[in-house]
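Novice: Kindly generate the corresponding structure for this input.
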Amino acid sequence: MIDYDDEYEELAPSKSQIKREMHALQDMGKALSELTPSQLAGIELPDEVRDAIAELLRIRSNEAKRRQLQYIGKLMRKVDAEQVAADLEAIKAQGTLSVQRQHLIEQWRDRMLSGDKQAVGDFIDAYPQVDIQHLRQLVRQALKEKSQQKAPAHARKLFRYLRDTIALADSQ
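Specialist: Numbering: from 1, shown residues only. The predicted structure is shown next:
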């Protein structure tokens, strides 16, 4: 005797599984709505999904937002969810990389402004394309500012110079 119920259970996902998948698509739609316009432009989406996301951003009522997110989740069923998830993960990774680079720049600047004489030499060794005279001048001016307890204008200039130098080295 064939048990059709067991065979049916293997073929069809449960109602709970379907709900989990729908909520995951809604969450993906919410994550898409939190992206900047340039980030969103980099993800391949149908125009109706883009329009629904734009509409979500205009809505102020919480209940209307909830309904719009459900609608976006429904539209997301037609989209390659794995590709969109991969694109979102890449954007998140890019943001993480940006934060790591920011911390690296801050560490170099703080090390140079702490009075560590070796810091400038280490930076020159790590980034040989740097304008050594300009770097040393910025460090001197920032240290002078710090000792006189003035606003850190030169420390900011030093930070920007370090950022530009590191970005140039990363692009090569």
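Novice: What values do phi and psi take at Glu145?
Specialist: phi -60, psi -40 (degrees, to the nearest 10).
Novice: Count the neighbours of it for me.
Specialist: 17 (other C-beta atoms under 10 Å). No exception for glycine: its C-beta is placed from N, CA and C like everyone else's.
Novice: Just name the shakiest helix or strand of the protein by mean pLDDT.
Specialist: helix 4-11 (a mean of 59; mean pLDDT, DSSP states H and E).
Novice: Which helix or strand lies directly C-terminal to that one?
Specialist: Of the helices and strands lying after helix 4-11 in sequence (DSSP states H and E), the nearest is helix 15-33.
Novice: the domain parsing of this protein - what is it?
Specialist: Under the assignment automatic domain parsing, the domains of the chain span 4-79, 94-171.
Novice: and Leu88, which of those is closest to it?
Specialist: Of all the domains of the chain, it is domain 4-79 that lies closest to Leu88, at 5.6 Å by C-beta to C-beta.
Novice: just how off-centre is the closest one within its chain?
Specialist: From the chain centre to the centre of domain 4-79 is a distance of 21 Å (C-alpha atoms, centre = their mean, to the nearest Å).
Novice: go on, stretch 117-133?
Specialist: On the basis of C-alpha atoms, centre = their mean, stretch 117-133 sits 29 Å off its chain's mean C-alpha point.
Novice: Which positions within that stretch qualify as buried?
Specialist: The neighbour-count check on stretch 117-133 (16 or more other C-beta atoms under 10 Å) flags 119-120, 123, 130 as buried.
Novice: can you pull the contacts of Pro13?
Specialist: Glu21 (C-beta atoms under 8 Å, 6 or more residues apart in numbering).
Novice: and what of Asp80?
Specialist: Neighbours of Asp80 in contact, by C-beta under 8 Å, 6+ apart: none.
Novice: can you map out the helices along the chain?
Specialist: Remark: helices assigned in the chain by DSSP state H are 4-11, 15-33, 37-41, 47-58, 62-76, 81-113, 117-126, 132-147, 153-171.
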